[in-house]
Structure formats: structure tokens, C-alpha cells
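Visitor: can't give you the sequence, but here's the structure:
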């Protein structure tokens, strides 16, 4: 008789947009994280599972599947040897999880206090997915509008909610790992929002907490994200040695080794920091590595929403800033213009950020009038309470303009306009 197809696994893959090859790649990374050695799964392996030819993978494979999907093997349609579907059904709990949740939340406080263990809410994949959607919403807000107090407070609330689930809920070790990863990412988002409004001391406190949570998560993608945020924060504080060290920590993560797109971002962030230490040759080498890794990356591969921002445009922006810091303003301006041209219309914060750097590059070439024309386009409107990175960069531009062209007509006009 032909094997029965594993429709549960097929349904999960369809829901999450996975092909056989992309699921195999994710499983290989998960197995490397678990065992220290990369797995040997390929599309054919997954197709064997879907067809039902393999009914019960080995233990390491099942653990990797749980780490990637958030479901145990039986929930994915696999069947333990010697079990029948009827037997598995009879072992399953008859209680509806949603009914149980509703019942628990309706219990009187006195009952909850008397039976703390029995009343603990079970935290599962659905809870994780809801939090991930909250995180995606925050990233969209940051991508389009930039950070600030509103984003920071929202991220802190979600981090607190996630930690509360850790303290009060019952969960598998896999779910707990994901909750730590989410709490770390929410906290890091709050950190970046604080950086955007130049609250660097507060950002530093958020970062210290995020690093701890990321370590507890064991998630290479989250650890990479946190370390590159740490590098950016150190750069804002002009602690260049620390910025380089944080970039190198991102490069030590498994995802840097396993995914060229992450590797490209690691090298690009390192390149941005190295001019501050005076190591110009290494910065140029890091740029070459960033470009080469970006060309190797499969842009169609599934990645967390936190990597959506890293496009060819963003790489050009980082390359441009690096050349500006290396004393190559002409080449910097070229890459920054390429960056601006390719940005989406809704990326207002990034457009303003890179436009100011174009103005720096033009000023460094002795073109004060052109630089002021560029910088004018990003001056906040009158009455704006924005105290973030853009006003800070414009203040720096004003200082450089007065040093470069003191007493010039354009400088007097600029000073009068921005007074």
C-alpha cells in the first residue's frame, strides 16, 4: 500500500511560505546550533517526509524540527513507530486549549492563589506568533517614521509583557527560548528608539538588558541583531573600539557563518566602525567582503522581518558613510546617491539620515552651497519637538559649515535659517 502523505507538514509549510529546500536549509542551521555540526538535509529529505515515506525521523531531526516550526513531531503529522492514528488520538488531551484559557482567566483570585500550579497558563506557539506580529508592527513603525519616545514605550511594554509570560506561564524549553529572543528584540528596539532621540544613557541600559536576554535565548539571529545594535550604539557614543568589538561578536554567531546576507551586514557594520580606530586598510577589506557576501546571498530565502531593511540600498548607504569617514567624499557621495535613489517612498527616516550624509560629503568637497541645498531638505518643520539623530546631525553640519566656509554668504543664510 502507498504511504499516506503527511498533510500536516505540508499545511505548515504552505502557511509559512516554505519550499522543501528552504525548510531543509533552516533545519541544517538548527541542527548546527543543537549539535555544533551542520545538518545534511536537502529538498529530497523534506519531500520524503511529505510523501509519508519517512514516518518518524530520528531524535536530533525531531528536535531540529521543533526548533524551526515551534511544533512537536506528532503535531507535524509524524507518527511514532508502533503507533496508529487512533492510538495517538486517544492519548491526546480532550480539553479544548482555548476553553481552558478562558476558564483559567475567569477563575476568582482566591482560587488562583490556592492552586498556583494548576492555574498557570500554558504558553504555546500561538502566543509566540502574536508577539512576533507585535514586533513586526514595531519594525514597520521604525522603518517608516524612525524611533522616538512612542516607539520606545511601546517596545518596553511588549518586553515587559513577554517577561511576564516567562514568569507566570508554563512552557516548553523551546517556547521559553523564543520568549527570551522576543524579549531581547523588544528591548533592543527600545534601545534603538532611544538612540534615535539621542537618549544614549537610557539606550545603554536597554542594551545591557538585551544582551543578557539574547544570551539566554540561544538564538543566533537574535544575537546577531543585538550585537550589531550594540555596535551602532557604541558608534553613536564614539566608542570605536567597542563598536568594532561588538561587530566582531556579531561575526561569531552561527547565522553569520551560515547566511551570506547576515555576513554582508556584519562586514558592513564593521567597516563603518573601523575608520574611528584608524585602521583604514581593514575597513576597505571589510567593504569588499560585505559586497562579495551580498552578491552570494539568496534574497528569496526566508528571514526574520528584522532583516527586511537590508537591501542593496542600505548596503550602499553604509558603504557611503564608510568612505566619508575614510576621507573619500566623492566616492561616498556616489554611493549615498545610489542609496537614496533606491529607498522606498515610505522610508522617511532613512532618506533624511542619508541625505544629511550627502550634505557632509558635498561640504567635504568644498561645495558649501550645494551642501546647504541638500541639508535644507531635511530640516524639521517649525515647532517640531524632534530631538533625534537628524537634528543632531544638522547641528554637526552647522559646525562643519562654519569651519569650512566662515563668513561666506551661504553660511550666514544657513545660520539665520537654523537659528
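Guide: Right, received. Where do you want to start? All of these numbers come straight from a predicted model, not from anything done at the bench.
Visitor: Show the contacting residues for residue 187.
Guide: Contact partners of residue 187, counting by CB atoms under 8 Å, 6 or more residues apart in numbering, are 155, 156, 159, 206, 209, 210, 213. From N, CA and C alone the C-beta is placed, and that goes for glycine too.
Visitor: what's the answer for residue 229, then?
Guide: Here residue 229 is in contact with 188, 191, 192, 207, 210 (criterion: CB under 8 Å, 6+ apart).
Visitor: before we move on, what about residue 274?
Guide: Listed by CB under 8 Å, 6+ apart, the contact set of residue 274 reads 240, 244, 280, 282, 283, 286, 322.
Visitor: so where's this structure uncertain?
Guide: Scanning the chain for pLDDT under 70 picks out 1-3, 33-36, 81-120, 142-147, 382-388.
Visitor: Residue 317: how many residues sit nearby?
Guide: Neighbours of residue 317 under the rule other CB atoms under 10 Å: 24.
Visitor: what's the helix or strand for it?
Guide: In this assignment (DSSP states H and E), residue 317 forms part of helix 312-325.
Visitor: Which residues outside the helix or strand that that helix is followed by are in contact with it?
Guide: Once helix 312-325 ends, the next helix or strand along the chain (criterion: DSSP H and E) is helix 329-342. Applying CB under 8 Å, 6+ apart, the contact partners of helix 329-342 are 311-314, 316-317, 319-324, 351, 354-355, 357-358, 360-362, 364-365.
Visitor: Next SSE downstream of helix 329-342?
Guide: Later in the chain than helix 329-342, the nearest helix or strand by DSSP H and E is helix 348-364.
Visitor: In three-state terms, label the spatially most central residue of the chain for me.
Guide: In the chain, the centroid-proximal residue (CA atoms, centre = their mean) is residue 306; its distance is 3.0 Å. For residue 306, the assignment made with DSSP: H, G, I helix; E, B strand; the rest coil gives helix.
Visitor: Near the closest residue to it other than its chain neighbours, how many other residues are there?
Guide: Excluding the flanking residues, the one nearest residue 306 by CB to CB, 6 or more residues apart in numbering is residue 225, at 5.4 Å. Other residues near residue 225 come to 26 when the count uses other CB under 10 Å.
Visitor: Now residue 52: phi and psi?
Guide: Per-residue torsions, residue 52: phi 90, psi 0 (degrees, to the nearest 10).
Visitor: ok, now how distant is residue 58 from residue 129?
Guide: From residue 58 across to residue 129, the span is 28 Å (CB to CB, to the nearest Å).
Visitor: Neighbour count for these two, which is higher?
Guide: More crowded of residue 58 and residue 129, by other CB under 10 Å: residue 129, with 12 against 9.
Visitor: That one sits in which helix or strand?
Guide: Here residue 129 sits within helix 125-145, counting by DSSP H and E.
Visitor: Remind me what that helix packs against, helices and strands.
Guide: helix 149-168, helix 173-196, helix 348-364 (3 or more CB pairs under 8 Å, 6 or more residues apart in numbering; DSSP states H and E).
Visitor: thinking again about what came up before, quick one: contacts for the residue nearest to the centre of the chain?
Guide: Contacts of residue 306 by CB under 8 Å, 6+ apart are 139, 185, 221, 225.
Visitor: Could you do residue 375 as well?
Guide: Contacts for residue 375 (CB under 8 Å, 6+ apart) come out as 355, 356, 359, 394, 397, 414.
Visitor: Neighbours of the fifth one, how many?
Guide: A count of nearby residues for residue 397, using other CB under 10 Å, gives 22.
Visitor: State the distance from it to residue 350.
Guide: Distance, residue 397 to residue 350, using CB to CB: 17 Å.
Visitor: Please apply the same query to the fourth one.
Guide: Look at residue 394 and residue 350: by CB to CB, they are 16 Å apart.
Visitor: ok, now the second one?
Guide: In this structure, residue 356 and residue 350 are 11 Å apart, going by CB to CB.
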